[in-house]
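A.B. asks: any chance you could fold what I've pasted below:
(4 chains)
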2 protein chains.
Amino acid sequence: MPNETEHDPHDDPAKALPAKADEGKLPPKAVVSRLSLYLRELLRIEHSGQQTVSSSQLGKLLGFTDAQVRKDLAYFGQFGHPGVGYRCEELVAAIRKILGTDREWVVAIVGVGNLGRALLGYKGFRSQGFRVAAAFDSDSSKVGMSFGGVAVEPTTALETTIRDRGVTLGLIATSPESAQEIADRMIAAGVVGILNFAPVTLSLPPGVSLVGVDLATELEQLSFAVANTQAAAAREDSAEDPLTSGPE
Amino acid sequence: MPNETEHDPHDDPAKALPAKADEGKLPPKAVVSRLSLYLRELLRIEHSGQQTVSSSQLGKLLGFTDAQVRKDLAYFGQFGHPGVGYRCEELVAAIRKILGTDREWVVAIVGVGNLGRALLGYKGFRSQGFRVAAAFDSDSSKVGMSFGGVAVEPTTALETTIRDRGVTLGLIATSPESAQEIADRMIAAGVVGILNFAPVTLSLPPGVSLVGVDLATELEQLSFAVANTQAAAAREDSAEDPLTSGPE
DNA sequence: GCGTGTGAAGTTATTCACAGCG
DNA sequence: CGCTGTGAATAACTTCACACGC
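C.D. replies: Next comes the predicted model:
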């Protein structure tokens, strides 16, 4: 509580980074995943003409408590206005700055199968600060084709193109067999973050960030959730259940 | 994730006696997401001919500690063999049972754009117990086409087809504008779980499970991770830190 | 009044450390 | 021995509750 070394009632959000958060504190992982959701919801709210939003409204929209929303945001600085709430435009800018999407990221996609084409055509990337600047595939019949305005190049051109265009993030939509090799090559060419869709665990050198999305895994999570809620619902009413399929 | 399996605020009266049966305990949320990764890795290990695996090996492969692996697995029962480790085949079967993928789930995909086609062609689903039995699109030019062996039907047929084929899980790959309506209709037709790829927050009735995947959100997580590790690297240039950001 | 920011309390998840078994 | 399962200790996260500014 005694953090009034700098008691500045004036905050100019459009320029300075909120230096309020302790320098030594590391970023709580769970918070960041919600930040993206806040941002998505804020853009929708803003688009609907609403100028300001309260933590409880934002929370209700996403299924979180109001306290959660405030804690999450307060972790990075003071963005709210007591009695008013959060000004959408201001908060959008603040979250973008935190997430690092206030600048443009140049990304490359490797693997132009079904999934790769889906990524190439995904409009949500551009609007959030990600520009797809290159696509690669080892299948020569795909080379030269264009998807979403991006021409497919042979994988042999990976290194030079990544360097030439200043690609910093790589999306891997290849087969699991080639994913690790592609990751290694992209990193060697200067990529510092990888979004991996191949269903395999990649091992990367320190300093390179990794986010993995496995479609089968997501469905398994859903399977578990469904099986579990149904089991809970069945348990709800029956004190004795003679026909329960033996778990063992 | 806004909505997962919500837990009934019911007090558990019996807690003193060690209920040996694994059924009856609360669902630990974070554990389940790792279960899928264990499964994926186990299948690879098994495929390579290895019969047994230790918690430390499995952990090292995925970037977890050995204790984490053991705790996760022990939560659902006793699958290990002291001095030996875990027998792959045995553990695979056990995890499948926990996740609910030991039976077949019938799934439908709505929205046959780039992403929907990618999902239709994804081979990883079938091998993990998910059978894509139907696909819908409101674009009449796509109706009648076939992707991955599944014929595209008009969205008007959604209710009858879902009922006829016993679809229980729905994948939404539509525009964000129609996602909520599609979800409502699928649920009314009997779907009990939804995997949502549309970048919008869905509100679902209790009893229906939801998993959401937002591609832009995933990239934002990566952006944050990269910006953060770079900032950390710049801050501490001279300090030697062997435990930098772990994999995944 | 409304609505934020934040310590304190409460809850959940992870790591430690070691008993026990093949 | 090696390796699991698990209580105890630790850390991370979430909710509560309330002071304070608008």
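
A.B. asks: by mean pLDDT, which helix or strand of chain A comes out lowest?
C.D. replies: Sorting the helices and strands of chain A by mean pLDDT, DSSP states H and E puts helix A:215-237 at the bottom, at a mean of 87.

A.B. asks: wait, does that helix contact DNA strand C?
C.D. replies: No - under the criterion of CB under 7 Å from any atom of the strand, helix A:215-237 makes no contact with DNA strand C; the nearest approach is 13.4 Å. (C-beta placed from N, C-alpha, C; glycine too.)

A.B. asks: pull out the buried positions in that helix.
C.D. replies: By 16 or more other CB atoms under 10 Å in any protein chain shown, the buried positions in helix A:215-237 come out as A:215-230, A:232.

A.B. asks: what's the answer for stretch A:155-167, then?
C.D. replies: Counting neighbours by 16+ other CB under 10 Å, stretch A:155-167 gives A:Thr155, A:Leu158, A:Thr161, A:Ile162, A:Val167 as buried.

A.B. asks: out of these, which are inside helices?
C.D. replies: When DSSP state H defines the helices, the subset of the buried residues of stretch A:155-167 inside them is A:Leu158, A:Thr161, A:Ile162.

A.B. asks: which strand runs longest in chain A?
C.D. replies: Identified as the longest strand of chain A according to DSSP state E is strand A:130-137.

A.B. asks: got the angle for that strand vs helix B:215-235?
C.D. replies: Note on geometry: by axes from the mean of the first three to the mean of the last three CA atoms, to 10 degrees, strand A:130-137 and helix B:215-235 are set 100 degrees apart in direction.

A.B. asks: put the alpha carbons of strand A:130-137 into CSV.
C.D. replies: Only the C-alpha atoms of strand A:130-137 are listed here, as CSV (Å, rounded to 0.1, in the frame of the first residue of the first chain):
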residue,chain,number,x,y,z
PHE,A,130,0.2,-9.5,-37.7
ARG,A,131,1.2,-9.3,-41.3
VAL,A,132,1.7,-12.6,-43.2
ALA,A,133,4.6,-11.9,-45.4
ALA,A,134,5.6,-15.3,-46.7
ALA,A,135,4.4,-18.9,-47.1
PHE,A,136,6.4,-22.0,-47.8
ASP,A,137,5.6,-25.5,-48.9
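
A.B. asks: state the mean pLDDT of the very next helix or strand once past it.
C.D. replies: Downstream of strand A:130-137, the first helix or strand assigned by DSSP states H and E is strand A:146-147. Mean per-residue pLDDT for strand A:146-147: 96.

A.B. asks: paired strands for strand A:146-147, with orientation please.
C.D. replies: Strand A:146-147 has the following strand partners under DSSP bridges: strand A:150-154 (antiparallel).

A.B. asks: buried residues in the strand it pairs with?
C.D. replies: For strand A:150-154, a neighbour-count test (16+ other CB under 10 Å) marks A:Val150, A:Val152, A:Glu153 as buried.

A.B. asks: try stretch A:130-142
C.D. replies: A:Phe130, A:Val132, A:Ala133, A:Ala134, A:Ala135, A:Phe136, A:Asp137, A:Ser138, A:Lys142.

A.B. asks: which residues touch that stretch?
C.D. replies: With contact meaning CB atoms under 8 Å, 6 or more residues apart in numbering or on different chains, stretch A:130-142 is reached by A:101, A:104-113, A:116, A:119-120, A:125-126, A:143, A:147-148, A:150-155, A:157-158, A:161-162, A:165-167, A:169, A:178, B:216, B:219, B:223.

A.B. asks: tell me how far the residue nearest to A:Gly113 when sequence neighbours are not counted lies from DNA strand C.
C.D. replies: Nearest residue to A:Gly113, sequence neighbours excluded (CB to CB, 6 or more residues apart in numbering or on different chains): A:Ala173, at 6.5 Å. To DNA strand C, A:Ala173 is 28 Å away according to CB to the nearest atom of the strand, to the nearest Å.

A.B. asks: rebuild the ones in helices among the buried residues of stretch A:155-167 as CSV, extending it with pLDDT and distance to chain B.
C.D. replies: Formatted as CSV, these follow (pLDDT from 0 to 100; distance: CB to the nearest CB, whole Å):
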residue, pLDDT, distance to chain B
A:Leu158, 98, 19
A:Thr161, 98, 20
A:Ile162, 98, 15
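
A.B. asks: now those residues in TSV, with distance to A:Phe197?
C.D. replies: TSV is the format used below for those (distance: CB to CB, whole Å):
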residue	distance to A:Phe197
A:Leu158	17
A:Thr161	20
A:Ile162	18
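
A.B. asks: any chance of these in TSV with distance to DNA strand D as columns?
C.D. replies: Shown next, in TSV, are those (distance: CB to the nearest atom of the strand, whole Å):
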residue	distance to DNA strand D
A:Leu158	35
A:Thr161	37
A:Ile162	32
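
A.B. asks: closest to DNA strand C among those?
C.D. replies: A:Ile162 (33.2 Å; CB to the nearest atom of the strand).

A.B. asks: give me every residue that touches that closest one.
C.D. replies: A:Ala108, A:Ala134, A:Gly170, A:Met186, A:Ala189, A:Gly190, A:Val191.

A.B. asks: can I get stretch A:33-48 in PDB, CA atoms only?
C.D. replies: These are the backbone C-alpha positions of stretch A:33-48, laid out as PDB (Å, rounded to 0.1, in the frame of the first residue of the first chain):
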ATOM      1  CA  SER A  33      -4.400 -15.200 -21.700                       C
ATOM      2  CA  ARG A  34      -7.400 -13.200 -20.400                       C
ATOM      3  CA  LEU A  35      -5.900  -9.900 -21.700                       C
ATOM      4  CA  SER A  36      -6.500 -11.100 -25.300                       C
ATOM      5  CA  LEU A  37     -10.100 -11.800 -24.400                       C
ATOM      6  CA  TYR A  38     -10.600  -8.400 -22.900                       C
ATOM      7  CA  LEU A  39      -9.200  -6.900 -26.000                       C
ATOM      8  CA  ARG A  40     -11.500  -8.800 -28.300                       C
ATOM      9  CA  GLU A  41     -14.500  -7.900 -26.200                       C
ATOM     10  CA  LEU A  42     -13.400  -4.300 -25.900                       C
ATOM     11  CA  LEU A  43     -13.200  -3.900 -29.700                       C
ATOM     12  CA  ARG A  44     -16.700  -5.300 -30.000                       C
ATOM     13  CA  ILE A  45     -18.000  -2.900 -27.400                       C
ATOM     14  CA  GLU A  46     -16.200   0.000 -28.900                       C
ATOM     15  CA  HIS A  47     -17.500  -0.900 -32.300                       C
ATOM     16  CA  SER A  48     -21.000  -0.900 -30.900                       C
END
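
A.B. asks: just the buried residues of it, please?
C.D. replies: Within stretch A:33-48, the residues that count as buried by 16+ other CB under 10 Å are A:34-46.

A.B. asks: those in strands, which ones?
C.D. replies: Using DSSP E, none of these sit in strands.

A.B. asks: DNA strand D: which of those residues is nearest?
C.D. replies: A:Arg34 (7.4 Å).

A.B. asks: got the contact list for the residue in chain A that DNA strand C sits nearest to?
C.D. replies: When distances are taken as CB to the nearest atom of the strand, chain A reaches nearest to DNA strand C at A:Gly80, 2.5 Å away. For A:Gly80, the contact set (CB under 8 Å, 6+ apart) comprises A:Ser55, A:Arg70, A:Leu73, A:Ala74, A:Tyr86.

A.B. asks: again, only using 6 Å
C.D. replies: Neighbouring residues of A:Gly80 by CB atoms under 6 Å, 6 or more residues apart in numbering or on different chains: A:Tyr86.
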